[in-house]
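Q: I'd like to go over a predicted model; first the sequence, then the structure.
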Amino acid sequence: MPRAAGGRDAGTRFTHDPTTGTSAEVRRVQPYEARKTYRCPGCNQEIAEGVAHVVVVPLGEPGERRHWHHGCWAHRSGRPPGR
Ligand SMILES: [Zn+2]
């Protein structure tokens, strides 16, 4: 387990992305920025338009960005996505 990166309220930070196994940039998306419906890889449910969430972009792979619910992202380490 890496040292906990959570708890800070920074807008952007880097963390370990369990879906790719690499470092990733994490950015908060505000409700007014969420203009599309996204699929959350944590729960496989949709993130509705206008809902604040987080976007995770693997370092060096901007095309692989993923959108997560805040709750799903916060709990990802205790409940890894099934494979
Ligand atoms: Zn979710």
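A: Thanks, I have the structure now. Please read these numbers as outputs of a predicted model, since none were measured by experiment.
Q: From now on I want contacts and neighbour counts done on CA atoms only, so please keep to that.
A: Will do.
Q: got any ranges where this structure has weak pLDDT?
A: Where the chain drops to pLDDT under 70, the residues are 1-11, 18-19, 78-83.
Q: how about the strands of it, start to end?
A: 12-17, 22-29, 38-39, 46-47, 53-58, 66-68 (DSSP state E).
Q: check whether the last one contacts the ion.
A: No - under the criterion of CA under 5 Å from the ion, strand 66-68 makes no contact with the ion; the nearest approach is 5.5 Å.
Q: could I get the strands of the chain as a markdown table with mean neighbour count?
A: Converted to a markdown table, those look like this (neighbours: other CA atoms under 10 Å):
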| stretch | mean neighbour count |
| --- | --- |
| strand 12-17 | 16 |
| strand 22-29 | 18 |
| strand 38-39 | 16 |
| strand 46-47 | 16 |
| strand 53-58 | 22 |
| strand 66-68 | 23 |
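Q: Export those strands to CSV and append columns for distance to residue 76.
A: Shown next, in CSV, are the strands of the chain (distance: least, CA to CA, whole Å):
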stretch, distance to residue 76
strand 12-17, 9
strand 22-29, 13
strand 38-39, 15
strand 46-47, 16
strand 53-58, 12
strand 66-68, 10
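Q: mind checking which of these is nearest residue 75?
A: Closest to residue 75 of those is strand 66-68 (CA to CA; 10.8 Å).
Q: tell me what the closest one is packed against?
A: strand 38-39, strand 53-58 (3 or more CA pairs under 8 Å, 6 or more residues apart in numbering; DSSP states H and E).
Q: nearest to residue 17, of the ones you listed?
A: Of all those, strand 53-58 comes closest under CA to CA, at 7.3 Å.
Q: Is there contact, residue-wise, from the closest one to the ion?
A: No - contact between strand 53-58 and the ion is absent, the nearest approach being 9.1 Å (criterion: CA under 5 Å from the ion).
Q: Run through who's touching that strand.
A: 17, 20, 22-31, 47, 63-70, 73 (CA atoms under 8 Å, 6 or more residues apart in numbering).
Q: Now do that strand against strand 22-29, angle only.
A: Between the axes of strand 53-58 and strand 22-29, defined by axes from the mean of the first three to the mean of the last three CA atoms, to 10 degrees, the angle is 150 degrees.
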